[in-house]
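Participant: Structure for this input, please:
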Amino acid sequence: MTSDQEGPGAEALRRVLERAGGPEVLALLAEELSGADLTTLMLEVYRRRAGRTGPAEVMRRYRSDRFVAPSPVGYRELRRAEDRLVAALPEGFEVVTLAPLVPLAAHSAVGPVDPRKVVATVRGTEVAADPTNGLALEAARRRAEVAADRRAAAGPVRLAASQRVVRAQRFQGAGMSAHFQLFAVVTAGRDSGGQRFEREHLLEHLRFAARALAGPTGGRAEIRLTVLDASAAPLLEHVRTELAGTPGLDVVEDPDRATGRGYYSGLCYKVHLVTPDGPVEVADGGFTDWTRRLTGNGKERLLIGGFGVDRLAAGPAL
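Facilitator: Next up, the predicted model:
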């Protein structure tokens, strides 16, 4: 077994391959068959499996499969949280209705995401695990089209979306589900020097977060900024200065943050609601190189952010 086959599930994979005829079977399916031929094979496999499955087995799976259970959060609460986020969007953002699927490797090709944490389909796609990936693809497409048409004005692309997503890893804790709602915002544009893109749009994203979380109960929100590269340090001071005195908002530095390193570049942030039981993380974002890599243009810049709608729906600010 090669090194890329080690890790979670390695023993189970070894057992399956021994029964199926050895590692050559895996090489044939993963590397030698075309995508279309693999889809043809898998469709027939699941057609046969579905044909042997009766209503009683479907009901048993419905009771036990964590991927198919309804959300523990009520629809009305989720809708109120979504409406609050949409209402707080800055002028110029377009709300997009994303497809529930993205191309294969859309999550892992641009970031350090283990494909085993994403639900793949037999048709060579993936179930959406994060709307920022789908929005980044759409933003990259639009930016590339504008760049190809020299007559068009190449302004920044501002997109938002709310999407039910699925993650394959197991989450611990009461009320945790394999699927949940995320509200995402992305801004894609071109580096114009002097960190102008970063300064303008980071502030715009964070002001949006502050507006969305300014609840009627007067609860506080806390933005925690992490500098990942020394060149981004002026951005932190810029945000602190511009957001100083914002009612109900604290801006602090979080140099010890462990998550997001290797995923974000330059600077990233988390947003917490401050509750009587302690801070609750409700948003995460930062700069990435995704559109740079998707378009092949080193001048492209991208800022992303994602809000946990399920958490907001249960939070004191809503």
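
Participant: can we go C-alpha only for contacts and neighbour counts from here?
Facilitator: OK.

Participant: quick one: the helices in the protein?
Facilitator: Per DSSP state H, the chain has helices spanning 10-20, 23-27, 35-51, 55-64, 75-88, 131-148, 196-213, 233-243, 290-295, 309-313. These are given in chain order.

Participant: Just the buried residues of the first one, please?
Facilitator: Same thing as helix 10-20. Going by neighbour count (16 or more other Cα atoms under 10 Å), the buried part of helix 10-20 is 14, 17.

Participant: Could you check how far it is from the centre of its chain?
Facilitator: Mean-position distance between helix 10-20 and its chain equals 32 Å (Cα atoms, centre = their mean, to the nearest Å).

Participant: Need the CA coordinates for that helix. PDB is fine.
Facilitator: Extracted C-alpha coordinates of helix 10-20, given in PDB (Å, rounded to 0.1, in the frame of the first residue of the first chain):
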ATOM      1  CA  ALA A  10      -6.300   2.200   5.600                       C
ATOM      2  CA  GLU A  11      -7.000  -1.200   7.300                       C
ATOM      3  CA  ALA A  12     -10.500  -1.400   5.800                       C
ATOM      4  CA  LEU A  13      -9.100  -0.500   2.300                       C
ATOM      5  CA  ARG A  14      -6.500  -3.200   2.600                       C
ATOM      6  CA  ARG A  15      -9.100  -5.800   3.500                       C
ATOM      7  CA  VAL A  16     -11.300  -4.700   0.600                       C
ATOM      8  CA  LEU A  17      -8.500  -4.800  -1.900                       C
ATOM      9  CA  GLU A  18      -7.400  -8.200  -0.800                       C
ATOM     10  CA  ARG A  19     -10.900  -9.600  -1.500                       C
ATOM     11  CA  ALA A  20     -11.300  -7.600  -4.800                       C
END
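
Participant: Can you name every helix or strand that it contacts?
Facilitator: Secondary-structure packing of helix 10-20 (3 or more Cα pairs under 8 Å, 6 or more residues apart in numbering; DSSP states H and E): helix 23-27.

Participant: From the chain's centroid, how far away is the helix it packs on?
Facilitator: Its chain's average C-alpha position is 32 Å from that of helix 23-27, according to Cα atoms, centre = their mean.
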